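[1] sequence first, then the predicted structure, then my questions.
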Number of protein chains: 2
Amino acid sequence: MAAVDLNTHPGHLARRLQQAHSLLWGAMVSEEITSPQFAVLNALVEKPDIDQRTLSEHVHLDRSTIADVVARLVRRELVERVRDPHDGRRNVLKLSAEGARLHRKLVTRTTRMNRVFLAPLDEDEQETLLRLIGRVADAAEELRG
Amino acid sequence: MAAVDLNTHPGHLARRLQQAHSLLWGAMVSEEITSPQFAVLNALVEKPDIDQRTLSEHVHLDRSTIADVVARLVRRELVERVRDPHDGRRNVLKLSAEGARLHRKLVTRTTRMNRVFLAPLDEDEQETLLRLIGRVADAAEELRG
DNA sequence: AAGAATTAGTCAGTGCACTGAGCATTTTCC
DNA sequence: GGAAAATGCTCAGTGCACTGACTAATTCTT
């Protein structure tokens, strides 16, 4: 059996896309805070005082990964994590003042970065790309959601 | 500053896409061999006897990561790695018989999996998605290639 | 031919991401 | 009210992916 053309494999392309993105992120947004960490900060701006499970649904990461990412943000004092007094299983999360400040700064940078990242495509193509990826990801997550 | 809609962020979508893919891969293709490992096997079918650097260009992974992935394939005896007698810096890689056999088996499975993964899109949309991702990834890799 | 520069690979360190097992705390059901 | 089920989190283990520092081998330059 002959070799396959990996450029027709969405998984391979997705990995390349993500990799290219994280490289550009490091150059244009932050070397300290990663894209998943930003996703967590952003979710906490939108919904303060949520627990880790709810957070994990919001940013589409599993509980273990969330625990790791949050631990790093806590270590940097960007997020506070306290046991919920009403339910001893939950950790309640909230942004620190520093975390909120950093989020504000990164929002403008990510906006700029996204423009550069998608610059090879025209407006319509950009919109199409985001929509199509969203549909495939939604459907696949549905399969074992 | 208000929170941002992560669904307009290509990096976040790319991560979700890749994650969803690797989940489906585990279910439909193999729990033993990962998608990057398959990419390496596939590259060695196409170009036998290449060294790790050349391989890393083919599958778009950096040298450290390639070394890890190849080490796992060597451990499973799917790939052989020997020092190039003509150039003592290089490792020459080749598939074992078992590696070639496994590659054949996985090619049919990945084809089936890709169909399922992209099923939410019609033919045109599938082709568009792959083309657009490819263009963005190519351009971004170009920036610091 | 000797020293400098380049090239291939390895290694340590960090971070993302999953699974599966286990622990503690609710909640549910009798 | 107490056993069983469900829920939230943690921990160990594996794999991908990068950077930066290092080693060894080859090639280039003079």
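    Nice, I can see it. Numbers count the residues shown, from 1 in each chain, chains lettered A, B, ... in the order given.
[2] next one: phi and psi at the one residue in chain A that gets nearest to DNA strand C?
    Using C-beta to the nearest atom of the strand, the closest approach of chain A to DNA strand C is made by A:Gly88 at 2.7 Å. C-betas here are computed from N, CA, C, even on glycine. Here is the backbone geometry of A:Gly88 (degrees, to the nearest 10): phi -60, psi 0.
[3] ok, now A:Asp122?
    The phi and psi values for A:Asp122, taken as degrees, to the nearest 10, are phi -80, psi 170.
[4] so what touches the host helix or strand of A:Ala20?
    Secondary structure assignment for A:Ala20, by DSSP states H and E: helix A:10-28. The contact list for helix A:10-28 (C-beta atoms under 8 Å, 6 or more residues apart in numbering or on different chains) reads A:6-7, A:34-35, A:109, A:112-113, A:116-117, A:136, B:10-11, B:14-15, B:17-18, B:21-22, B:25, B:35-36, B:39, B:59-60, B:114, B:117-118, B:129-130, B:133-134, B:136-137, B:140-141, B:143-144.
[5] among the residues you listed, which ones are buried?
    Buried members of the contacts of helix A:10-28, counted by 16 or more other C-beta atoms under 10 Å in any protein chain shown: A:6, A:34-35, A:113, A:117, A:136, B:10-11, B:14-15, B:17-18, B:21-22, B:25, B:35-36, B:39, B:59-60, B:114, B:117-118, B:129-130, B:133, B:136-137, B:140-141.
[6] kindly identify which of those also come near DNA strand D.
    By C-beta under 7 Å from any atom of the strand, the members of those lying near DNA strand D are B:36, B:60.
[7] where does the prediction get shaky in chain A?
    Scanning chain A for pLDDT under 70 picks out A:1, A:145.
[8] mind doing that once more with 80?
    A:1, A:144-145 (pLDDT under 80).
[9] would you mind naming what in it lies close to DNA strand D?
    Contact residues (C-beta under 7 Å from any atom of the strand) of chain A with DNA strand D: A:15, A:19, A:22-23, A:26, A:51-53, A:63-64, A:67, A:70, A:81, A:87, A:89-91.
[10] so which bits of chain A are right by DNA strand C?
    A:34, A:36-37, A:60-65, A:68-69, A:72, A:86-89.
[11] and the buried ones among those residues, selectable in PyMOL?
    A single PyMOL command selects the buried members of the residues of chain A next to DNA strand C (16+ other C-beta under 10 Å):
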select buried, chain A and resi 34+36+37+60+61+69
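[12] so what's A:His60 up against?
    A:His60 neighbours (C-beta under 8 Å, 6+ apart): A:141, B:15-16, B:19.
[13] out of the residues you listed, what pair is the most spread apart?
    By the measure C-beta to C-beta, A:Glu141 and B:Arg15 form the most distant pair in those, at 12.0 Å.
[14] wait, a helix at A:Val69?
    Yes. Counting by DSSP: H, G, I helix; E, B strand; the rest coil, A:Val69 is located in a helix.
[15] can you give me the helices for chain A?
    All helices of chain A, identified by DSSP state H, fall at A:10-28, A:35-46, A:52-59, A:63-75, A:97-118, A:123-143.
[16] closest one to B:Ala97 among these?
    Once those are compared by C-beta to C-beta, helix A:10-28 is nearest, at 25.1 Å.
[17] centre of the chain to the closest one, how far?
    Distance of helix A:10-28 from the chain centroid (C-alpha atoms, centre = their mean, to the nearest Å) equals 13 Å.
[18] can I get the CA coordinates of that helix in PDB?
    Extracted C-alpha coordinates of helix A:10-28, given in PDB (Å, rounded to 0.1, in the frame of the first residue of the first chain):
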ATOM      1  CA  PRO A  10      -7.800  17.000   8.800                       C
ATOM      2  CA  GLY A  11      -6.100  15.700  12.000                       C
ATOM      3  CA  HIS A  12      -2.700  16.400  10.600                       C
ATOM      4  CA  LEU A  13      -3.700  19.800   9.300                       C
ATOM      5  CA  ALA A  14      -5.300  20.600  12.700                       C
ATOM      6  CA  ARG A  15      -2.100  19.800  14.500                       C
ATOM      7  CA  ARG A  16      -0.100  22.000  12.200                       C
ATOM      8  CA  LEU A  17      -2.600  24.800  12.500                       C
ATOM      9  CA  GLN A  18      -2.500  24.700  16.300                       C
ATOM     10  CA  GLN A  19       1.300  24.500  16.300                       C
ATOM     11  CA  ALA A  20       1.700  27.400  14.000                       C
ATOM     12  CA  HIS A  21      -0.800  29.300  16.200                       C
ATOM     13  CA  SER A  22       1.000  28.700  19.400                       C
ATOM     14  CA  LEU A  23       4.300  29.800  17.900                       C
ATOM     15  CA  LEU A  24       2.800  33.100  16.700                       C
ATOM     16  CA  TRP A  25       1.100  33.500  20.100                       C
ATOM     17  CA  GLY A  26       4.500  33.300  21.800                       C
ATOM     18  CA  ALA A  27       5.800  36.000  19.500                       C
ATOM     19  CA  MET A  28       2.800  38.400  19.500                       C
END
